[in-house]
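Engineer: How does the following fold in three dimensions:
(chains A and B)
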Amino acid sequence: MEQKIAEVIANLCGAGLEEIEPELALFEEGLLDSFAAIQLVMELEEAFGVSLDMASLPRESIATPAAIARLIREKLG
Amino acid sequence: MLVLEQLKFFAKTDRIALVNREETLSYRELDARSNAFAAWLLNTFGADRSPVVICGDKETDLLCCLFGALKSGRAYVPIDSVVPEGRAGQIIGDVKPRVVVDFTGRMLDCDAVVLSPADLAPLLGGSAAPISRQYWVGDAGPAYILFTSGSTGRPKGVPITAGNLDAFCRGLLPYYPADGGVVLHQVSYSFDVSGCAVYAGISRGLTLFTVDHAMTGNLQELFAALGESGLTLWVSTPSFGELCAQSRGFSQELLPRLRQFLFCGEVLTHTLCDTLAERFPAARILNTYGPTEATVLVTAAEITEEMRRDSRTIPIGRAIDGVTLQLERDGAEVTGEEQPGEMLILGPTVGPGYFGRPDLTEKSFFTDPATGLRGYRTGDLCYQRNGLYYYCGRADNQLKLNGYRIELEDVEENLQKLPNIRRAAVVPVRDGDGKVQYLAAFLLLREEDGLTPLKRAIALKKQAAAYLPAYMIPRKMTAVKSFPLNVNGKIDRKALAASLEGTP
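Structural biologist: Model (predicted):
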């Protein structure tokens, strides 16, 4: 799962896969803005077959690859 | 000026002009506070009518300052708080204001009197007699000057007169609800689509429901606020509509009183129209089109089910009252159905030209010898079918990203100011509908930086933030050893864009 999340993020911000570390701060480092975040959520929904709703997601829940992994695990149950 | 007459009229009622988080501002308060600001400007600067620069986001008093400037016969120049200091400084240097109202708390380096919110409070709270019409901005006087992306890397000023705004209101108001209601006030003051709330909305006595930058960036907070808003009229770019529609909670249940969407500023997609038609059965969708140079918008179309089912793009509609449109190719008028040509706009909404740039003005603005009407060449390619206009692209490198108007050269010039960038080529990456998804920059470095691609992108984005607002900073920053060239020896942007195809 972590691998797949890293792939989505690497693709989205044009980085190498090996550089996406679990605690990379996606918003603070300027890698994601609100429009890129929407794109990220849509890619995650497709990749994991889960339903994520931006309006009910606190920003912290997608702020780092590790946080995203926790979120997806929770959604997958 | 129509909006000032109407403000005076509604000030005699108990209507609310603005809701901004916990604050409300009545028409009476807006009228009184703007009178106080106008009186201060008139007393302090007398006959010197230099424009007033206003830096901020969506502060309540910003609206009072803006109408105060108009009542005192001065244009205002809005600079959004997201604009970096250097770029704001360039604008202030061009405009040479005597006074800058600054809600951002930045230490702006300029010769003008700088008013902070603390300076403003006693000034706006003071009592002042109504400002007589003789002081107001006259028909031919500029009401605002908006600075847009310019192809030289410096923002370009577009003055719009009181007469232009009156003509805009007369053309748009027939599409507005007859009486009362709440209009979305999300669009930045530095983007003229905000005029749909500020000018047309106030002229109709509507309540402006404020959504500031913080709320736009936090959907959870935004939806909670929208749920309490009582919104009846939605005004935004299609991109902001899409951002909201991505959440399933964006529906008639959230906004039970909503009766109309008004979109402006970029291409409206079939996907968004279909989603909204399904989720908001009680609301109609209005698509509009227009450049800043001809005052917000010059066409409108109510999107019908038939248009949604049609395989062609969503139409931009027909000319609003008072506006004449013409398509032109190779110097001749195009009259045939489905024949593309450059859109020419003629009539009272066309502005005087570019601020301090007679060379640029002469290229795009003209006066029609036959009718005496002021005209503007948009550089937009359109065609006509069954009395409706359809947009089909740009003739140059200007584009719209999430509603923002951007010249690619502007981004490139500013990236080349960074210490380690020798040359930058910026390309838009589009989705299947041809809509720009994001910008990607390809960079020739001066010297090896020893950084990984991600670390380099993070560092460059931070440096770029000193020169460019966030929406102009490319999402992807890729260092290259050389640029692919086309047959003319120029950078092959198509090849660069193609190298990114298929990536989100």
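
Engineer: Mind listing what's buried along stretch B:202-220?
Structural biologist: B:202-213, B:215-216, B:218-220 (16 or more other Cβ atoms under 10 Å in any protein chain shown). Placement of C-beta: from N, CA and C, glycine included.

Engineer: Same check on stretch B:187-203?
Structural biologist: For stretch B:187-203, using 16+ other Cβ under 10 Å, the buried residues are B:187-203.

Engineer: can you narrow those residues to ones near chain A?
Structural biologist: Restricting the buried residues of stretch B:187-203 to those within reach of chain A (Cβ under 8 Å from any Cβ of the partner chain) leaves nothing.

Engineer: can you list the residues of the stretch 101-250 of chain B near chain A?
Structural biologist: Going by Cβ under 8 Å from any Cβ, the residues of the stretch 101-250 of chain B near chain A are B:216-220, B:222-223, B:239, B:242-244, B:246-250.

Engineer: Can you show me the helices along the stretch 401-504 of chain B?
Structural biologist: B:408-415, B:453-464, B:493-498 (DSSP state H, counting those that start in this stretch).

Engineer: Now the longest helix along chain A: buried residues?
Structural biologist: Using DSSP state H to define each element, chain A has its longest helix at helix A:34-48. Within helix A:34-48, the residues scored as buried using 16+ other Cβ under 10 Å are A:Ser34, A:Phe35, A:Ala36, A:Ala37, A:Ile38, A:Gln39, A:Leu40, A:Val41, A:Glu43, A:Leu44, A:Glu45, A:Phe48.

Engineer: What helices and strands are in contact with it?
Structural biologist: For helix A:34-48, the packing partners by 3 or more Cβ pairs under 8 Å, 6 or more residues apart in numbering or on different chains; DSSP states H and E come out as helix A:2-13, helix A:65-76, helix B:238-245, strand B:436-445.

Engineer: Is it possible to get TSV of those that adds mean pLDDT?
Structural biologist: Formatted as TSV, the helices and strands packed on helix A:34-48 follow (pLDDT from 0 to 100):
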stretch	mean pLDDT
helix A:2-13	90
helix A:65-76	94
helix B:238-245	91
strand B:436-445	92
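
Engineer: and B:Pro51, which of these is closest to it?
Structural biologist: helix B:238-245 (28.3 Å; Cβ to Cβ).

Engineer: quick one, helices of the stretch 201-350 of chain B?
Structural biologist: B:213-216, B:219-227, B:238-245, B:270-279, B:305-309.

Engineer: Please identify the most buried of those helices.
Structural biologist: The highest mean neighbour count among the helices of the stretch 201-350 of chain B, using mean count of other Cβ atoms under 10 Å in any protein chain shown, belongs to helix B:238-245: a mean of 22.

Engineer: Remind me what that helix packs against, helices and strands.
Structural biologist: Against helix B:238-245 (3+ Cβ pairs under 8 Å, 6+ apart) you get helix A:34-48, helix B:219-227, strand B:260-263, helix B:270-279.

Engineer: residues in contact with that helix?
Structural biologist: If you take Cβ atoms under 8 Å, 6 or more residues apart in numbering or on different chains as the criterion, helix B:238-245 is touched by A:34-35, A:38, A:54-55, B:186, B:216, B:219, B:222-223, B:234, B:250, B:261, B:263, B:265-269, B:271-272, B:275-276, B:279, B:402-403.

Engineer: Only C-alpha atoms, please: export that helix in PDB.
Structural biologist: Extracted as PDB, the C-alpha positions of helix B:238-245 are listed here (Å, rounded to 0.1, in the frame of the first residue of the first chain):
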ATOM      1  CA  PRO B 238     -15.900  26.600 -13.100                       C
ATOM      2  CA  SER B 239     -12.800  25.300 -11.300                       C
ATOM      3  CA  PHE B 240     -14.100  26.400  -7.900                       C
ATOM      4  CA  GLY B 241     -17.400  24.800  -8.800                       C
ATOM      5  CA  GLU B 242     -15.500  21.600  -9.700                       C
ATOM      6  CA  LEU B 243     -13.500  21.700  -6.400                       C
ATOM      7  CA  CYS B 244     -16.800  21.800  -4.500                       C
ATOM      8  CA  ALA B 245     -18.600  19.300  -6.700                       C
END
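
Engineer: Helix B:270-279 and that one, what's the angle between them?
Structural biologist: Counting by axes from the mean of the first three to the mean of the last three Cα atoms, to 10 degrees, helix B:238-245 lies at 50 degrees to helix B:270-279.

Engineer: Would you mind measuring from the residue in the stretch 301-450 of chain B positioned nearest to chain A to B:Ala38?
Structural biologist: Closest approach between the stretch 301-450 of chain B and chain A, counting by Cβ to the nearest Cβ: B:Asn402, at 5.4 Å. Going from B:Asn402 to B:Ala38 by Cβ to Cβ, to the nearest Å gives 35 Å.

Engineer: which of those two has more neighbours?
Structural biologist: B:Ala38 (25 against 21; other Cβ atoms under 10 Å in any protein chain shown).

Engineer: my guess is B:Lys363 is in a strand, correct?
Structural biologist: No - the assignment for B:Lys363 is helix, going by DSSP: H, G, I helix; E, B strand; the rest coil, so no strand is present there.

Engineer: show me the contacts for it.
Structural biologist: B:Arg377.

Engineer: Next one: it, what pLDDT does it get?
Structural biologist: Note on B:Lys363: pLDDT of 95.

Engineer: quick revisit: out of the helices and strands packed on helix A:34-48, nearest to B:Asp330?
Structural biologist: strand B:436-445 (28.0 Å).

Engineer: Export only the CA atoms of the closest one, formatted as PDB.
Structural biologist: Presented in PDB, the C-alpha positions along strand B:436-445 are these (Å, rounded to 0.1, in the frame of the first residue of the first chain):
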ATOM      1  CA  VAL B 436      -5.500  22.900 -18.400                       C
ATOM      2  CA  GLN B 437      -4.800  20.700 -15.400                       C
ATOM      3  CA  TYR B 438      -1.600  22.200 -14.200                       C
ATOM      4  CA  LEU B 439       1.700  23.900 -15.400                       C
ATOM      5  CA  ALA B 440       5.000  22.100 -15.800                       C
ATOM      6  CA  ALA B 441       8.300  23.800 -16.000                       C
ATOM      7  CA  PHE B 442      11.400  22.500 -17.700                       C
ATOM      8  CA  LEU B 443      14.600  24.200 -16.500                       C
ATOM      9  CA  LEU B 444      18.100  24.600 -17.700                       C
ATOM     10  CA  LEU B 445      20.200  25.100 -14.600                       C
END
